[in-house]
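Q: Got a predicted structure here, sequence first:
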Amino acid sequence: MNALVPEIGAAADAKLGASISVRNLNVTYPNGFTAVRDASFDLDPGTICALVGVNGSGKSTIFKAIMGFVRPTAGEVRLCGLTVGEALKRNIVAYVPQSEDVDWNFPVLVETVVMMGRYGHMNFLRMASRADQYKVDEALERVGMSDYRKRQIGELSGGQKKRVFLARALAQEGRIILLDEPFTGVDVKTEAAIVGLLRELRASGHLMLVSTHNLGSVPDFCDHVVLLNRTVLAAGPTAEVFTQKNLELAFGGVLRNFQLGGAALHDDADARSVTVLTDDERPLVLYGDKHSRRQEPDGK
Amino acid sequence: MASDMSALLTELLIPFQYGYMLKAMWVSALVGGVCAFLSAYLMLKGWSLMGDALAHSIVPGVAAAYIIGAPFAVGAFFAGILASVAMNFVKQKSRLREDAVIGLVFTALFALGLLMASIWPTSVSIQSIVLGNILAIADEDVVQVAIIAGVSLAVLLLVWKDMMVTFFDESHARSIGINTTFLKGLFFTLLSACTVAALQTVGACLVIAMVVTPGATAYLLTDRFGRLIVISVALGVTTSFTGAYISYFLDGATGGVIVCLQTLLFLAAFYFAPKHGLLAARRRRLEAIEAAA
């Protein structure tokens, strides 16, 4: 796993100021559907933030607003203090798409996809310089995909596919990285590797916004959570926001909720119960009302 | 024997002695090349039949242009706009599916074109619109075709990489500041323009082959987009040039010959392609069976 996450010489990165500020965002689509109403939250550099909510809660609309795909009907999004348009011109935002959204039969090699991350740094004709080539090599090395660079992207496993797009985000050197369902179709080992990489990026001041259904892994690696249901229900540090009460608010009856009761399981005075919350992926397990966290490899 | 050979050779070189044949060959090659360039993108997006719809929809515009003596490209342009407005209007105002709307609008316009051609048969020939008429193309039409194809080729050479990113991953394209809406609009503009140009060489019925087959063939031969474009354009240019040449001996039907050649090459690739061909698949299967045994 550590091979996937070598040390970052983060001297330059340390100066990064990556921030997202969403102020009273309203998005109404041309067909009259209001996907997000009056949403506000702020995120600072060195953050991994989970964007959590049911399907249709506005996760992808918020992503689209950050990427400039939809125009806010009211309110605004600012990235590093800039408007979305200015931020995109400066290559501040990198996007890692959901696997379902990629045409895996497209005739491109792994290295070509990663090189696409450099296009924003190139001239109009997109001629790769030696520096671009170096950044691509470095990014592939960092996600452990150097041996696969000449493969067509459809020939890779689910986890490898994910890593290619992460490498593209690295090559792009965006300070804000949006990840859409990064753990879908990914094995546990790759998930750990991706999480390790995200932690490294956090340490160097990047800001990551992760849309996920994988409730169980949120306390593992996200320090912030934004809970959505067509507006922001709660936003803030994971320990404060990612509670059973808030999750039930966000998911309504959609979540599966198992309570494994204290007295029913053991005879002592400990009245805490185990709560298992899940929508469709890794369940969130609460013991008492504390998050059960996996042991982190570096003991952080 | 030697004299037989030289007689045959003389026979084979005859097409190059006629100005109209030379013109037909280079115009076909140019149009075939640009259409093949576009086919590399078109077939990847599942938009292949759009080319067909476009080609049929512009027929009434071309017919009208010939009737009033205007440049055919202008007529085609207005008919193209009419077609897309009509499709959008019917789609929004009815609950029909998109394919039904496209089918409805393009056949309606095509029929209108045929009707106009039968009412004013002296100024428009149905045959030349439907089947193309490159062997008898007028000089002013050659100028229009050459301008369309030349400008399209130049634009594509400038933006091919941006267009590749846009077609592959639109979100990423936007995140690096590419104006994807503009590029997609540009693509359809070029597609329409080249469809109009190809109308002259292969006719409305076969335009679809020009903007699909070379790309589809190249797709079986490579996994790299840059190479795919090169192979596709090479196929388009060669088949169009050769097709026009052969049609001299067959007396007409240039479009048919070009498309038959393209299809032959497609079939060859379909069977023999080193990685994605039938033969390769069979070999891999046999190897797997042997390995298991």
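A: In hand now; what should we look at?

Q: Only C-alpha atoms from now on, for both contacts and neighbour counts.
A: OK.

Q: Quick check: A:Gly53 touching A:Leu227?
A: Yes - look at A:Gly53 against A:Leu227 with Cα atoms under 8 Å: they come within range, at 5.9 Å.

Q: Pick out the residue in chain A sitting closest to chain B.
A: Proximity of chain A to chain B (Cα to the nearest Cα) peaks at A:Pro107, 4.4 Å away.

Q: Enumerate every residue touching that residue.
A: A:Gln152, A:Ile153, B:Tyr219, B:Thr222, B:Asp223, B:Arg224, B:Phe225, B:Leu228 (Cα atoms under 8 Å, 6 or more residues apart in numbering or on different chains).

Q: just those now: which is nearest B:Ala40?
A: B:Leu228 (6.9 Å; Cα to Cα).

Q: Up against chain B, what does the stretch 151-300 of chain A have?
A: A:Gln152 (Cα under 8 Å from any Cα of the partner chain).

Q: hey, C-alpha coordinates of the strand or helix carrying B:Val74 in PDB?
A: Here B:Val74 sits within helix B:72-93, counting by DSSP states H and E. Listed in PDB are the C-alpha atoms of helix B:72-93, where the atom choice follows Å, rounded to 0.1, in the frame of the first residue of the first chain:
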ATOM      1  CA  PHE B  72     -26.000  24.400 -53.300                       C
ATOM      2  CA  ALA B  73     -24.200  24.800 -50.000                       C
ATOM      3  CA  VAL B  74     -26.500  27.800 -49.100                       C
ATOM      4  CA  GLY B  75     -29.600  25.700 -49.800                       C
ATOM      5  CA  ALA B  76     -28.300  22.800 -47.800                       C
ATOM      6  CA  PHE B  77     -27.500  25.100 -44.900                       C
ATOM      7  CA  PHE B  78     -31.000  26.400 -44.600                       C
ATOM      8  CA  ALA B  79     -32.600  23.000 -45.000                       C
ATOM      9  CA  GLY B  80     -30.300  21.700 -42.300                       C
ATOM     10  CA  ILE B  81     -31.400  24.500 -39.900                       C
ATOM     11  CA  LEU B  82     -35.100  23.800 -40.800                       C
ATOM     12  CA  ALA B  83     -34.500  20.100 -40.100                       C
ATOM     13  CA  SER B  84     -33.000  20.700 -36.600                       C
ATOM     14  CA  VAL B  85     -35.700  23.300 -35.700                       C
ATOM     15  CA  ALA B  86     -38.400  20.900 -36.800                       C
ATOM     16  CA  MET B  87     -36.900  18.000 -34.900                       C
ATOM     17  CA  ASN B  88     -36.700  20.100 -31.700                       C
ATOM     18  CA  PHE B  89     -40.200  21.500 -32.100                       C
ATOM     19  CA  VAL B  90     -41.800  18.100 -32.600                       C
ATOM     20  CA  LYS B  91     -39.800  16.500 -29.800                       C
ATOM     21  CA  GLN B  92     -40.700  19.200 -27.300                       C
ATOM     22  CA  LYS B  93     -44.400  19.400 -28.300                       C
END
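
Q: what is the mean pLDDT for it?
A: Mean pLDDT, computed over helix B:72-93, is 86.

Q: shared neighbours of A:Gly53 and A:Leu227, which are they?
A: A:Ala250.

Q: Which two of the contacts of A:Pro107 have the greatest separation?
A: Longest span within the contacts of A:Pro107, Cα to Cα: A:Ile153 and B:Leu228, 15.5 Å.

Q: so is A:Ala39 in a helix, a strand, or just coil?
A: strand (DSSP: H, G, I helix; E, B strand; the rest coil).

Q: List the beta-bridge partners for it.
A: Beta-bridge pairing for A:Ala39 (DSSP bridges): A:Leu25.

Q: For it, give me its contacts.
A: Contacts of A:Ala39 (Cα under 8 Å, 6+ apart): A:Val22, A:Arg23, A:Asn24, A:Leu25, A:Asn26, A:Thr231, A:Val232.

Q: Next: B:Gly113.
A: Taking Cα under 8 Å, 6+ apart, one finds B:Val59, B:Pro60, B:Gly61, B:Ala63 in contact with B:Gly113.

Q: For stretch A:67-78, what is the distance to the chain centroid?
A: 19 Å (Cα atoms, centre = their mean, to the nearest Å).

Q: What residue in chain B comes nearest to chain A?
A: B:Asp223 (4.4 Å).

Q: picking up where we left off before, could you pull up phi and psi at the residue of chain A closest to chain B?
A: Main-chain torsions, A:Pro107, degrees, to the nearest 10: phi -70, psi 70.

Q: Any chance you could note which residues of the stretch 1-150 of chain B sit beside chain A?
A: B:Leu44.

Q: need the helices for the stretch 1-150 of chain B, in chain order.
A: B:2-13, B:19-42, B:48-57, B:59-68, B:72-93, B:98-119, B:126-131, B:139-168 (DSSP state H, counting those that start in this stretch).

Q: Tell me, how many residues neighbour A:Thr28?
A: Here the number of neighbours of A:Thr28 (other Cα atoms under 10 Å in any protein chain shown) works out to 17.

Q: just B:Lys91 next, same as before
A: 17.

Q: what's near enough to touch it?
A: B:Arg97, B:Glu98, B:Val101.

Q: again, but for A:Leu249
A: A:Leu233.

Q: Tell me which helix or strand comes right after the strand or helix carrying it.
A: Per DSSP H and E: A:Leu249 is located in helix A:244-251. Using DSSP H and E, the next helix or strand after helix A:244-251 towards the C-terminus is strand A:256-260.

Q: Just confirm A:Phe242 contacts A:Val225, I think it does.
A: Yes - taking contacts as Cα under 8 Å, A:Phe242 lies within contact range of A:Val225: 6.8 Å.

Q: what about stretch A:121-136 and chain B, touching?
A: Yes - using Cα under 8 Å from any Cα, stretch A:121-136 reaches chain B at A:Leu125, A:Arg126.

Q: can I get the CA coordinates of stretch A:19-31 in PDB?
A: The C-alpha trace of stretch A:19-31 is given here as PDB (Å, rounded to 0.1, in the frame of the first residue of the first chain):
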ATOM      1  CA  SER A  19     -11.200  26.400  -0.500                       C
ATOM      2  CA  ILE A  20     -14.800  25.900  -1.500                       C
ATOM      3  CA  SER A  21     -17.400  28.400  -0.500                       C
ATOM      4  CA  VAL A  22     -21.000  27.600  -1.400                       C
ATOM      5  CA  ARG A  23     -23.400  30.500  -0.500                       C
ATOM      6  CA  ASN A  24     -27.200  30.200  -0.600                       C
ATOM      7  CA  LEU A  25     -26.900  28.100  -3.800                       C
ATOM      8  CA  ASN A  26     -30.200  27.500  -5.600                       C
ATOM      9  CA  VAL A  27     -30.300  25.400  -8.800                       C
ATOM     10  CA  THR A  28     -33.500  25.100 -10.800                       C
ATOM     11  CA  TYR A  29     -33.200  23.100 -14.000                       C
ATOM     12  CA  PRO A  30     -34.900  24.300 -17.300                       C
ATOM     13  CA  ASN A  31     -37.700  21.800 -16.800                       C
END
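
Q: So which bits of the stretch 151-293 of chain B are right by chain A?
A: B:158-159, B:161-162, B:165, B:168-169, B:171-172, B:174-177, B:219, B:222-225, B:228.

Q: quick one, phi/psi of the residue of chain B closest to chain A?
A: Per-residue torsions, B:Asp223: phi -110, psi 10 (degrees, to the nearest 10).

Q: What pLDDT is listed against the nearest residue to it once chain neighbours are set aside?
A: Excluding the flanking residues, the one nearest B:Asp223 by Cα to Cα, 6 or more residues apart in numbering or on different chains is A:Pro107, at 4.4 Å. Here, the pLDDT recorded for A:Pro107 equals 95.

Q: what about A:Pro107, distance to B:Cys35?
A: 19 Å (Cα to Cα, to the nearest Å).

Q: A:Arg199: what's it in contact with?
A: A:Ile48, A:Phe221.

Q: and the gap between it and B:Leu279?
A: 48 Å.

Q: same question, B:Ser192
A: 37 Å.
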